[in-house]
Structure formats: C-alpha cells, structure tokens
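S.K.: sequence plus predicted model, see below.
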Amino acid sequence: MSGLVISGGRVVDPASGMDAIGDVAVVDGKIAAVGASLGGAERVIDATGLVVAPGFIDLHAHGQSIPADRMQAFDGVTTTLDLEAGVLPVGSWYERQARKGRVLNYGAATNWAFARIGAMTGSNAESSLEAFGNAMRDRRWMDNVATDAEVAGILERLTRGLDEGGIGIGILNAYAPGAGVQELTAVCQLAAKQDVPTFTHVAYMSRIDPESAAEAYIRLIGYAGATGAHMHICHFNSSSKTDIERCRVLIEKAQAQGLPITVEAYPYGTGSTVLAAAFFSDPQFVERNGTGYDSVQRVTDGYRFHDREELLKAQAEDPSSLVLWHILDTEHNAHHRDLLDMSVLYPGGAIASDAMPWTTSDGKTYTGDAWPLPDDATSHPRSAGCFTKFIREWVRERKTVSLLEGVRKCALIPAEILSQSTPAMRAKGRLARDADADIVVFDYEKLSDRATFTAMNRPSEGVRHLVVSGQPLITDGVLDVAARPGKPVRRPVVGS
C-alpha cells in the first residue's frame with residue numbers, strides 16, 4: 001500500500017465506538033482504511049503502545065497564527081477555529097492565511113462586534129486584538145442601542161461575511177452590553193435563515209440580578225426558541241462564573257425541550273480577555289462578580305490591580321493588553337472544583353480552549369517563526385495545554401469519563417456541532433474511510449499539559465505524532481518547522 005500506515009496502536013474512534021489495537025492507512029490526505037494488518041506503505045509509523053485518535057478540534061481559538069498553531073499542535077489539535085469572535089472582513093482573512101500558510105487547519109466565523117463597530121462608529125479596521133482594544137476607546141458601539149439604520153448596516157456586514165464563507169456568526173455580547181434585543185433577534189434570524197450557528201459570549205456574567213448570568217442564559221434560550229437559530233454557548237464555565245449550577249439547570253431544560261443549543265467549556269478556573277472589556281469598568285464590579293480587582297492580572301508582567309481607579313487608568317493607556325481573570329479557586333476550594341466539573345463534563349458538551357494570542361513583553365502580538373517560542377512570550381496556559389490537561393486530569397487521573405468519551409468531547413462533538421452548516425466538518429473528528437487524515441498519536445500515560453501561570457509557553461508533552469491533512473507535522477515528538485499542511489475550513493462562498 002502506498003501512502004502512510006499508522007501501525008499497531010490503540011485506535012480510539014468515538015464515531016464508531018472502536019477502542020482496539022489496529023492500523024490506520026492514509027492516502028492522499030484521506031483515511032483509506034482502518035483495521036488490522038493493513039500491510040506496508042511508503043511510510044510506517046509504529047504506534048505500538050500509543051493511542052491513535054482523530055485530531056482534536058478547537059472551536060474557540062483566538063491565536064490564529066503560526067506560533068499559536070505550533071503550541072496547539074503539541075496539545076493534539078489539528079483544526080483550530082475562531083468562532084466566538086470571528087473575523088471581519090472574512091474573505092480577505094482567508095486569503096491572508098492561504099498566502100502565508102498555516103500549520104493547522106483553520107477557519108473563522110463572521111464577527112458581530114466588528115460589524116457593530118463599523119456600522120456605529122464608521123471605523124472599518126480589519127479585526128485584530130489591537131484593533132479591538134482601540135475600538136473600545138469609542139464606546140458608542142459598546143453602550144448604545146443601534147438605530148434601525150445601524151442594525152441594517154450590521155446585518156449587511158454579517159451577510160457579506162457569511163457569503164464569503166464565514167462558518168457562522170460570532171457574538172461577543174458581553175463586550176457590547178448596550179446591544180438591544182431587537183438587534184440580536186434580527187442577527188439570530190439571519191443565522192437561522194442562513195442555517196448557521198451563532199457562537200455567543202453571553203451578555204452578562206454577574207452572580208446577582210439584574211444583568212446576571214442567569215438572565216443572559218434566559219435571553220439566549222429565548223433567541224433559540226423565538227428564531228430557531230442554533231445558539232452555541234462559548235466557555236460555559238467562565239460565562240457562568242460561580243453560578244454554573246443554576247445556569248446548567250436552565251440549559252439542560254432548554255435542550256430537553258428540543259431547542260438548538262450546544263455548549264463548550266475549558267478546564268481552567270481562570271479566564272482571559274482584553275483589559276478594556278466593559279465588565280471590568282462596572283462600578284459594581286466587586287459586588288456583582290464576587291471577586292476583588294486583584295483577581296485581574298496583566299499577562300505580560302503578572303501585575304494584579306488594586307482598585308477601580310488603577311484599572312480604569314490602565315484601560316485608557318493600553319486597552320488591548322491581555323489580562324487573566326482569576327474566578328474559580330480550583331486548587332483550594334472543593335465547591336469551585338465541583339462547579340468546573342459541571343461545565344467541563346456537561347453531557348454532549350465540547351472541550352474548547354479559548355486560546356489567546358501569544359504576546360511578548362512589549363505587549364505586541366507575536367506572529368514570528370521562532371521555535372520554541374521566545375522566552376518572553378506569554379498567553380494563558382490554555383493556549384498550550386487545554387486538551388492535554390483535560391485528558392490527563394479528567395480522563396486518566398480522575399477517571400470521570402472514559403478515554404473514548406474524552407476523545408469524543410475533544411474531536412467528534414466539535415465536528416458534529418458544525419456538520420450541518422459546514423460540509424467540510426463532516427469528514428473530521430473521526431477515524432473512518434474517506435475521513436480527513438487529521439490524526440493524533442499520543443502516549444496516554446505521559447500525555448500532560450506543562451504550561452502554568454508562571455511559565456505559560458511550555459508545550460504539552462506526550463503527543464508523539466501529529467498528522468494534519470495527511471502530512472506528518474510532529475514525528476517522534478519533533479515538530480517539522482517547515483511544514484504548512486493546514487487547510488481552510490470554510491462554508492461554500494456565494495457566487496464562486
């Protein structure tokens with residue numbers, strides 16, 4: 001047999017339920033066969049003693065660069081998608097990725113926040129972390145209810161992004177809390193008409209009414225019921241804060257009634273975002289969130305803020321600076337660990353990292369070609385170790401779910417969430433004939449995250465081989481730094 005054979009590994013395929021010793025054959029970027037004794041090939045990977053699984057699919061990755069891809073490759077990821085925020089314009093973003101080449105498969109939704117920025121402030125800057133922070137200096141798009149004309153402009157921009165192949169609509173609702181229900185209903189109606197999901201950062205995250213996390217979920221459930229739009233909840237854990245138990249009950253009931261709602265979570269009690277996020281400047285930040293200002297920590301230097309005045313000053317000086325938000329104390333608080341479990345182990349929920357871009361000590365986003373990453377490169381540990389942490393802690397050490405179920409949450413469930421709207425995803429997340437050859441081979445006993453909050457840029461360990469689009473990217477634990485096998489994940493482009 002020509003091509004590649006991964007031989008003698010423990011083949012774990014959640015789509016078929018297979019968990020047995022076998023071979024996987026790859027020809028021309030596709031899986032040609034899965035079974036026993038498939039014979040020789042041009043190239044053979046001896047997977048004896050290793051797990052062979054579909055590559056992990058990250059629905060929520062903001063890095064979208066070569067250095068970010070490389071770190072995620074060692075986390076077992078083969079497809080990395082920016083869906084919660086998305087991009088705008090969509091077409092030119094895909095063209096740029098194709099020109100420079102990507103390490104992992106990539107894709108994005110169309111960005112509601114930047115559609116709002118354009119329609120309400122006249123700024124048509126392309127979406128980026130820096131542009132997002134700068135846009136927060138003009139709070140009209142964050143605080144104001146859109147006029148009818150502005151809503152029309154928002155919908156026009158979103159429609160264009162979908163026509164250019166955007167995977168869905170990313171709705172960063174919490175960053176524009178002034179957005180009205182009429183506008184968001186129209187956005188969801190557009191999503192339902194185009195048969196694409198919305199990927200929503202819910203509007204509110206407080207533990208108390210009004211504008212509580214529970215209220216935000218009731219709104220999201222209402223949008224699903226009233227418009228029929230598929231509402232995907234981003235980072236169920238950090239959106240719900242310490243009110244996860246109450247919010248989980250709401251979502252379970254809505255799903256039981258058949259509403260098109262899906263969820264994702266990441267296995268950390270600490271979140272991350274830009275410093276200028278509207279919720280940090282809330283005068284009642286402490287009361288509403290149950291955390292002091294010292295829970296907000298600047299990524300580049302580890303500095304924790306002391307009071308609102310200091311934080312507001314920093315927002316004005318460097319709005320796009322990345323910060324950590326320490327919400328759940330999972331190391332010392334058993335109840336907080338239980339809350340995180342409620343989101344991470346949610347039945348049918350996906351694991352997704354919310355991986356942030358890598359920044360250097362000068363606060364700039366790092367997009368260079370150095371490997372390993374520069375010593376001063378920082379992010380959130382989830383940008384390096386989300387999936388390996390989940391497999392290590394929840395599957396291997398605590399045995400809360402089986403390996404088959406763990407792989408399902410990391411690979412098949414993310415693919416299924418997108419399969420109706422995005423045909424390219426129907427061939428991912430599984431080991432089967434004619435599926436895309438996106439494959440991770442790992443040492444189950446050694447698979448582990450290594451990134452910490454004091455050493456964020458440590459790649460995970462235990463991924464021995466990684467195949468992306470049929471091309472080996474990691475071989476015997478060594479990255480091929482010249483490889484650019486990533487392919488676009490994109491809905492069909494209208495008029496092409």
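M.R.: Everything's here; your move.

S.K.: pLDDT (mean, whole number) over stretch 40-49?
M.R.: For stretch 40-49, the mean pLDDT works out to 91.

S.K.: just give the number of residues close to the closest residue to A174 other than its chain neighbours.
M.R.: Spatial nearest neighbour of A174, excluding adjacent residues (C-beta to C-beta, 6 or more residues apart in numbering): H201 at 4.9 Å. C-betas here are computed from N, CA, C, even on glycine. Counted with other C-beta atoms under 10 Å, residues neighbouring H201 total 24.

S.K.: what's H201 in contact with, if anything?
M.R.: 84, 171-175, 234-235, 239 (C-beta atoms under 8 Å, 6 or more residues apart in numbering).

S.K.: wait, P267 sits on E393?
M.R.: Yes. The criterion here is C-beta atoms under 8 Å, and P267 meets it with E393 at 6.7 Å.

S.K.: okay, these two: which has more neighbours?
M.R.: For P267 versus E393, neighbours defined as other C-beta under 10 Å are more numerous around P267 (25 against 15).

S.K.: quick check, Q97 in a helix?
M.R.: Yes. The assignment for Q97, made by DSSP: H, G, I helix; E, B strand; the rest coil, places it in a helix.

S.K.: give me the neighbour count for the closest residue in space to it that isn't next to it in sequence.
M.R.: Of all residues not flanking Q97 in the chain, Y106 sits nearest, at 5.7 Å (C-beta to C-beta, 6+ apart). Neighbour count of Y106, defined by other C-beta under 10 Å: 24.

S.K.: over to E445?
M.R.: For E445, using other C-beta under 10 Å, the count is 12.

S.K.: can you tell me the SS state at it?
M.R.: Under three-state DSSP, E445 comes out as coil.

S.K.: with adjacent residues omitted, what lies nearest to it?
M.R.: Using C-beta to C-beta, 6+ apart, the nearest residue to E445 is R396, at 7.5 Å.

S.K.: and I169, by the same measure?
M.R.: In space, I169 is closest to T198, 4.8 Å off (C-beta to C-beta, 6+ apart).

S.K.: is the one you found bridged to anything, and to what?
M.R.: I169, M231 (DSSP bridges).

S.K.: H230: what's it in contact with?
M.R.: Contacts of H230 by C-beta under 8 Å, 6+ apart are 168, 191-192, 196-198, 224, 260-262, 420-421.

S.K.: could I get those in JSON lines, plus columns for distance to P67?
M.R.: Compiled in JSON lines, these are given as follows (distance: C-beta to C-beta, whole Å):
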{"residue": "G168", "distance to P67": "26"}
{"residue": "A191", "distance to P67": "32"}
{"residue": "A192", "distance to P67": "37"}
{"residue": "V196", "distance to P67": "29"}
{"residue": "P197", "distance to P67": "28"}
{"residue": "T198", "distance to P67": "29"}
{"residue": "A224", "distance to P67": "37"}
{"residue": "P260", "distance to P67": "35"}
{"residue": "I261", "distance to P67": "34"}
{"residue": "T262", "distance to P67": "29"}
{"residue": "Q420", "distance to P67": "33"}
{"residue": "S421", "distance to P67": "29"}
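
S.K.: for R430, state which of these is nearest.
M.R.: Q420 (15.8 Å; C-beta to C-beta).

S.K.: I'd assumed Q194 was in contact with the closest one.
M.R.: No. Contact criterion C-beta under 8 Å: Q420 and Q194 do not qualify, at 11.6 Å.

S.K.: neighbour count winner among these two?
M.R.: Q194 (18 against 14).

S.K.: mind telling me what element the closest residue to the more buried one other than its chain neighbours is part of?
M.R.: Spatially, and ignoring its direct neighbours in sequence, Q194 is nearest to L162 (5.3 Å; C-beta to C-beta, 6+ apart). If you go by DSSP states H and E, L162 is part of helix 148-163.
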